[in-house]
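In: Have a look at this prediction, sequence included:
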Amino acid sequence: MSKKDFIAGHSIRLIHGGESYFDTLLEMINESKHVLHLQVYIFDFDTTGKEIIEALKNAASRGVSIYLVVDGFGSMSLGNNFVHQMKMQNISFRFFSPLPFPGILQAGRRLHHKVCVADKKKALVGGINIADKYRGNNDELPWLDYALLVEGNVVSEIDEVCERIFNKKFTLNRIKGKLRSIPMQTNGVKVRMTRNDWIRGKNEISAAYKTMLGNASNEILIVASYFIPSSRLLKILVRASNRGRKVNIVLGKISDVPFIKPATQYLYGKLLRNGIRIFEYKEAVLHAKVCVVDQEWVSIGSLNLNHLSEMLSLELNLEVLDSSFGASLNNEFHQLIQQHCVEVNILDFEKERTTFLKFKSCVSYKGFAAFMRILSF
């Protein structure tokens, strides 16, 4: 990926998960005037979900065209009655790939976006679903996650992607022609939208990861949930470390999916023996999907570094090419490591690995890989 693919002239702001994210989302909904797209994998009809729905209803009542898409598997708890409720409130709504019957084998090819676009002017892109657990409360910390609020020409591309998904017209070529008709700014931050939809020939996020990690000249910092990378990506990380690049990976000490943690730990030995440092966030569930390379290139969005995101789900990320933003985020993550994480030491890790734990990790890892192949089929 060359630097010319990035579009200049954007203003961006890092949004942290928890109250900050939902305040920003509600502000976008409340200030929208014409059209608003909201697409998310999990939408729970809990306290947070009801507040978002109420804001969408109010926006629709003042004439804003609302287009809401949630995933049929991730948001199946909403039920078919929710469709009728949205119609009564003049909210255009649909489930992405609704399930003919509830079943785990229906989990493939999901809409994993977490994106909101208001009036084609602002876009909020990240990894945060709509539910109480992502917001937190006085007694419980929110899940660790991030999003990017962006204004500028790339918002038109994001808006068109959302529109096509709502209308079930998935193919979208780069809209460079449309962008040329907009006065381009030479100052401001360089941003690029990337997508993954392998079935329709879009593996832009995965390709960018492989290119940027492979070309790293100094440091790679990854903050990742559900970290079970492909063998190719694993080789790229090991090769980078063996070439003297600093590779730091922040993972979760707590997991909301029981088999994911042991499956990820199956890779710990190889990573640690090759000089890659692993840190575990200990305060709450880690749900972030962020990468910083050489304090200049940043990718934030919905893609997890595993086969499910790479091959089966629809994913949307924003990439930033900016040394100031990259350095700031890199520093923030190093503070996170120092204050809220524990480092995994290879000697302690191997000492604690009983035969049972090794067997559990192997079964979890191999089982996950086999399950992904079944879903792909």
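Out: Structure received. Residues are numbered from 1 along each chain as shown.
In: And for residue 281, the neighbour number?
Out: Residues lying near residue 281 (other C-beta atoms under 10 Å) number 21. Where C-beta positions appear, they are placed from N, C-alpha and C, glycine not excepted.
In: List the beta-bridge partners for it.
Out: residue 252, residue 341 (DSSP bridges).
In: Tell me which residues touch it, please.
Out: Residues counted as contacts of residue 281 (C-beta atoms under 8 Å, 6 or more residues apart in numbering) are 144, 250-254, 336, 340-341.
In: 10 Å - rerun?
Out: 144, 223, 225, 250-254, 288, 336-337, 340-342 (C-beta atoms under 10 Å, 6 or more residues apart in numbering).
In: Same question for residue 254.
Out: Counting by C-beta under 10 Å, 6+ apart, residue 254 has contacts 143-144, 261, 280-286.
In: cool, residue 284 as well?
Out: 17-18, 133, 136, 140-145, 252-254, 256, 340.
In: returning to that earlier point: which among the contacts of residue 254 count as buried?
Out: Neighbour counting with 16 or more other C-beta atoms under 10 Å marks 143-144, 261, 280-281, 283-286 as buried within the contacts of residue 254.
In: C-alpha coordinates for stretch 249-267, PDB please?
Out: The C-alpha trace of stretch 249-267 is given here as PDB (Å, rounded to 0.1, in the frame of the first residue of the first chain):
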ATOM      1  CA  ILE A 249       1.200  -7.000  21.700                       C
ATOM      2  CA  VAL A 250      -1.500  -6.100  24.300                       C
ATOM      3  CA  LEU A 251      -4.000  -8.800  24.900                       C
ATOM      4  CA  GLY A 252      -6.700  -9.400  27.400                       C
ATOM      5  CA  LYS A 253      -6.200 -11.200  30.700                       C
ATOM      6  CA  ILE A 254     -10.000 -11.500  31.000                       C
ATOM      7  CA  SER A 255     -12.000 -12.900  28.100                       C
ATOM      8  CA  ASP A 256     -15.700 -13.000  27.400                       C
ATOM      9  CA  VAL A 257     -15.300 -16.100  25.200                       C
ATOM     10  CA  PRO A 258     -14.100 -19.100  27.300                       C
ATOM     11  CA  PHE A 259     -12.000 -20.900  24.600                       C
ATOM     12  CA  ILE A 260     -10.400 -17.800  23.100                       C
ATOM     13  CA  LYS A 261      -7.900 -17.200  25.900                       C
ATOM     14  CA  PRO A 262      -6.400 -20.800  25.900                       C
ATOM     15  CA  ALA A 263      -6.400 -20.700  22.100                       C
ATOM     16  CA  THR A 264      -4.400 -17.500  22.000                       C
ATOM     17  CA  GLN A 265      -2.000 -18.800  24.700                       C
ATOM     18  CA  TYR A 266      -1.200 -21.700  22.300                       C
ATOM     19  CA  LEU A 267       0.800 -19.000  20.400                       C
END
